[in-house]
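Chemist: could you work out the structure for the sequence below:
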Amino acid sequence: MKVLRNPTVWGAGALALMTIIALVIAMVYVSPPGQKTVIFYTDDAAAIRPGDPVRIAGINVGKVKDLSLESNQIRVEARVDNSAFVGDRSQVQVRMLTVVGGYYVSISPIGDAPLGNKPIPVERVTMPYSLIRTLTDATKITDNVAPQPINESLDQVQRGLTGTNLESVSAVIDAGNNVMSTIEKQRGQVSAMLNLSNEYLQDVNNYKDELKDLIRKISIIEQSLTLYSKGLARAMAGFGDIMDGLSPVFIFYQNHRDKALVKIRDWLEKSRMWSERNGVVVRALHLARVKIERILGAQQAAPELLATDLCMPVPGSPC
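Modeler: Predicted structure coming up:
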């Protein structure tokens, strides 16, 4: 009982209890429960800050804990949830968080076995765009370029542009200037031709209704002549049949046969000539109609229906 009343004992007990509590707090801070440590190395940590989010497949699983500088690389320590799998061949990418700024660490969990305490090497860590790294890589590329052939080529170009060769180059440039001057002069002529074409199209557009009416009338005349030609051909065929039926009468008037044959042949010749001329007229009308239709077709204003689009059946010429 006297021991319990001793203040020294109470002080020592309180000190021990505070020490235990401090150790527990330190352990929780260093290694929080339910989380594990993921370590990776990089050669440029300008885009990484402690507290930056760590994501796997776009889901936040932890934060960046600490950064420390080593001899030739930077050690980055991150805390992630124990439930998040991180494979032994995982890759790390530091990406931009928003357009305004900010970055986050993205882990691609690749591998069959857990990463454990092994760090992710620099080779599997990708940082954002760095101007310094780009310039360094460009220097590595130009290190393999042999400068002597380039100097020789430049010397040859310089020698080629001296003496009489310089006059040749000047002549070529003058010729090019003359060509451009000619093109500039002809540009006005081309503009005048385009203006004339525009006026022609405007006139056609203004008179397209009259042209449509003209096409309709031509198609009616063309179709009428075609029907008359078919009717005349049918009449001539019927006339031949009639003549065959009247052959006994011509035998009766045998003495007047020559006169009758001359009149019949004359009538047949006139009919044939009229039919041939009618065909020429029909073809000419058809050609004129086609040309006007082309003009209206270019204006997208062709008539919808013409007489030539219809079929008129006549005896001996069905549709």
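Chemist: which residue ranges of the chain form strands?
Modeler: In the chain, the strands defined using DSSP state E lie at 35-42, 53-56, 59-69, 74-81, 91-96, 103-108, 125-126.
Chemist: can you tell me which of these comes nearest to Asn198?
Modeler: For Asn198, the closest of these is strand 91-96, at 54.1 Å, according to CB to CB. Backbone N, C-alpha and C define where each C-beta goes, glycine included.
Chemist: circling back: dump the strands of the chain to TSV, plus mean pLDDT, distance to Gln223 and mean neighbour count.
Modeler: Below are the strands of the chain laid out as TSV (pLDDT from 0 to 100; distance: least, CB to CB, whole Å; neighbours: other CB atoms under 10 Å):
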stretch	mean pLDDT	distance to Gln223	mean neighbour count
strand 35-42	91	89	20
strand 53-56	93	81	19
strand 59-69	92	80	15
strand 74-81	92	89	19
strand 91-96	90	76	18
strand 103-108	92	79	20
strand 125-126	90	80	18
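Chemist: figure out which of those strands is closest to Leu214.
Modeler: Of all these, strand 91-96 comes closest under CB to CB, at 70.8 Å.
Chemist: and the strands of the chain as a markdown table, adding distance to Ile150?
Modeler: As requested, these are exported to a markdown table (distance: least, CB to CB, whole Å):
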| stretch | distance to Ile150 |
| --- | --- |
| strand 35-42 | 37 |
| strand 53-56 | 48 |
| strand 59-69 | 41 |
| strand 74-81 | 39 |
| strand 91-96 | 38 |
| strand 103-108 | 41 |
| strand 125-126 | 34 |
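Chemist: backbone dihedrals for Asp44, please?
Modeler: phi -150, psi 110 (degrees, to the nearest 10).
Chemist: okay, now it: neighbour count?
Modeler: 16 (other CB atoms under 10 Å).
Chemist: which one is it nearest to, not counting chain neighbours?
Modeler: Take Asp44 and drop its neighbours on the chain: the residue closest to it by CB to CB, 6 or more residues apart in numbering is Met127, 5.2 Å away.
Chemist: quick one: pLDDT of that neighbour?
Modeler: If you check Met127, the pLDDT there is 85.
Chemist: hmm, it is touching Val94, no?
Modeler: Yes - Met127 lies in contact with Val94 (CB atoms under 8 Å); the separation is 5.1 Å.
Chemist: no further questions, thank you.
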